[in-house]
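S.K.: Make a model of this:
(one chain, ligands or ions: 1)
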Amino acid sequence: MNVKQAIFERRAYRSLEPVEITKQLIYDLAECTQLSASCFNNQPWRYVFVYNSEVLKDMHKVLSSGNEWARDASMIIVVFSKKDDDCVIHDGEYYLFDTGMATGCIILRATELGLVAHPIAGYSPKKTREILDMPDDHNVITLVIVSKHSEKISPILSDKQVEAENKRPARIPLDKFVYINKYKGK
Ligand SMILES: Cc1cc2nc3c(=O)[nH]c(=O)nc-3n(C[C@H](O)[C@H](O)[C@H](O)COP(=O)(O)O)c2cc1C
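M.R.: This is a model prediction of the structure:
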């Protein structure tokens with residue numbers, strides 16, 4: 001699969017079935033973030049790969065309502081970083097950008113490996129820090145839910161979520177976010 005295929009293949013599916021998680025898979029995914037670009041090569045991204053069944057069960061408590069589907073996942077990647085670990089230039093706090101770029105690499109590599117890697121914002125960062133014994137200045141930016149896609153639609157999904165399983169949610173057209181040579185230029 002080339003990069004463009006992985007980009008087109010990636011979906012935030014919510015109907016999941018288990019997949020075997022190995023240390024080899026974890027280090028494969030981690031390696032793909034390691035080479036990501038970062039401001040001053042600061043590499044602010046940090047990850048906890050949770051796949052132990054007891055810790056996973058604890059992590060289920062952090063999920064917001066509507067994200068119960070994530071309980072079927074075989075792994076949850078806790079993505080975190082610290083503002084102080086990367087450049088702050090003018091208004092730009094680059095730890096978020098750099099960690100996002102690195103996490104994008106994980107998501108595309110997981111896609112290439114035939115996995116679902118679905119980032120979510122619906123969870124409690126505070127409870128996540130408590131479970132993982134993480135200091136308060138560690139910003140839990142997202143959880144990436146990793147598993148295999150199930151063709152069988154999960155019965156706990158809402159109608160809207162079922163619709164998104166069958167058809168990729170619509171995107172704004174290119175001419176709404178691409179500007180050529182100047183803002184609002186044609
Ligand atoms: C930062 C971020 C937060 C998200 N939070 C959630 C979430 O809490 N629950 C959920 O089901 N999907 C979540 N999603 C997935 C999006 O809803 C999904 O990417 C979007 O609807 C487009 O669908 P697609 O990725 O399959 O093309 C999130 C995605 C991102 C990037």
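
S.K.: CA atoms for contacts and neighbours, from now on please.
M.R.: Fine.

S.K.: Okay, now the unreliable bits of this protein?
M.R.: Scanning the chain for pLDDT under 70 picks out 185-186.

S.K.: what's the span of stretch 150-167, first residue to last?
M.R.: 15 Å (C-alpha to C-alpha, to the nearest Å).

S.K.: Mind naming the longest strand for the protein?
M.R.: Longest strand in the chain by number of residues, with DSSP state E as the criterion: strand 139-149.

S.K.: Starting from that strand, tell me which strands it pairs with and how they run.
M.R.: The pairing partners recorded for strand 139-149 under DSSP bridges are strand 16-17 (antiparallel), strand 75-81 (antiparallel), strand 116-120 (antiparallel).

S.K.: Please tell me how far the helix or strand following it is from the chain's geometric centre.
M.R.: Going down the chain from strand 139-149, the next helix or strand is helix 159-166, by DSSP states H and E. Averaging C-alpha positions (C-alpha atoms, centre = their mean, to the nearest Å) puts helix 159-166 19 Å from its chain's average.

S.K.: residue contacts, residue 51?
M.R.: Residue 51 makes contacts with 21, 74-76, as judged by C-alpha atoms under 8 Å, 6 or more residues apart in numbering.

S.K.: Format those as JSON lines; extra columns: neighbour count.
M.R.: Output for those, formatted as JSON lines (neighbours: other C-alpha atoms under 10 Å):
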{"residue": "21", "neighbour count": "16"}
{"residue": "74", "neighbour count": "21"}
{"residue": "75", "neighbour count": "25"}
{"residue": "76", "neighbour count": "26"}
